[in-house]
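In: Give me a model of this one.
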Amino acid sequence: MPENRAGWAIWIVGLPGCGKSSLAKGVLKYLRAQGLNVTLLQMDERRKSYFPHPGYTPDEREKAYAFFVDEATRLVRQGKNVLMDGSAYKRSMRQYARQEISRFAEIFVQCDIAEAIRRESGRPEGLVMAGLYTKALQRKRTGEQFEGLGEVIGVDVEFEVDPEGELVIDNTRLTVKETLGKALHFLDTWLANV
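Out: Numbers count the residues shown, from 1 in each chain. Below you'll find the predicted structure:
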């Protein structure tokens, strides 16, 4: 790739627990094995640098995603390739990226909410609060509040599907390997044409 040519960005989006982080890591490994220099930006990690003590309010979330897109845009304009991992439940968040990054693709990892809840329930405490869905559903039922728990996608707010998205993978019943295979099949064609 010529030094002054802009890079590209691929944003993997979907509900918490849908498998987007596993997919992002698999895609990253594959692309690097192909000799491509790719930077992985993970919203759960980046949010802590944007907001050291995140409150997960709607306004903060909007700002965090704007910062996330701006960071990816800067890297792309420097000629770097970027893989983005973040729920981005509002279509406008992804449209902003599409507007700023000319070589951009969205991969939506679709997953049945019950399966996302099942997968997420086994996640240990880390960058994201453990038991996210269980707590959100309990809050909805009882009104009980949990410190640090903002709106939860799939419970409190819906994921807005973008009809312009380049790829939708319903991985409700797919293995990690099958989901990765579908993404790589798409990317082989997409990367050949960007």
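In: And the top strand by length along the chain, what does it pack against?
Out: Across the chain, the longest stretch assigned as strand under DSSP state E is strand 104-110. Identification of packing neighbours for strand 104-110 by 3 or more C-beta pairs under 8 Å, 6 or more residues apart in numbering; DSSP states H and E yields strand 9-13, helix 20-33, helix 91-100, strand 167-170, helix 176-193. Any C-beta I mention is one placed from the backbone N, CA and C, and that applies to glycine too.
In: Parallel or antiparallel, which strands does the shortest one pair with?
Out: This means strand 167-170. Strand 167-170 pairs in its sheet with strand 104-110 (parallel), by DSSP bridges.
In: Ramachandran coordinates for the spatially most central residue of the chain?
Out: In the chain, the residue lying closest to the centroid (C-alpha atoms, centre = their mean) is Gly86, at 2.3 Å. Geometry field for Gly86 lists phi and psi as phi -170, psi 140, criterion degrees, to the nearest 10.
In: Run a quick neighbour tally on Ser21.
Out: By other C-beta atoms under 10 Å, 22 other residues sit near Ser21.
In: wait, isn't it in contact with Met84?
Out: No. Applying C-beta atoms under 8 Å, one finds Ser21 not in contact with Met84, separated by 11.3 Å.
In: Okay, angle between the longest helix along the chain and helix 91-100 too, please.
Out: Using DSSP state H, we find that the single longest helix of the chain is helix 58-77. Using axes from the mean of the first three to the mean of the last three C-alpha atoms, to 10 degrees, the interaxial angle of helix 58-77 with respect to helix 91-100 works out to 20 degrees.
In: How about residues contacting the longest strand of the chain?
Out: Applying C-beta atoms under 8 Å, 6 or more residues apart in numbering, the external contacts of strand 104-110 come out as 8-14, 18-20, 23, 94, 97-98, 161-162, 164-172, 179, 183, 186, 190.
In: please redo it, this time with the cut-off set to 7 Å
Out: Strand 104-110 is touched from outside by 8-14, 18-20, 23, 94, 97-98, 161-162, 165-171, 183, 190, with contacts defined as C-beta atoms under 7 Å, 6 or more residues apart in numbering.
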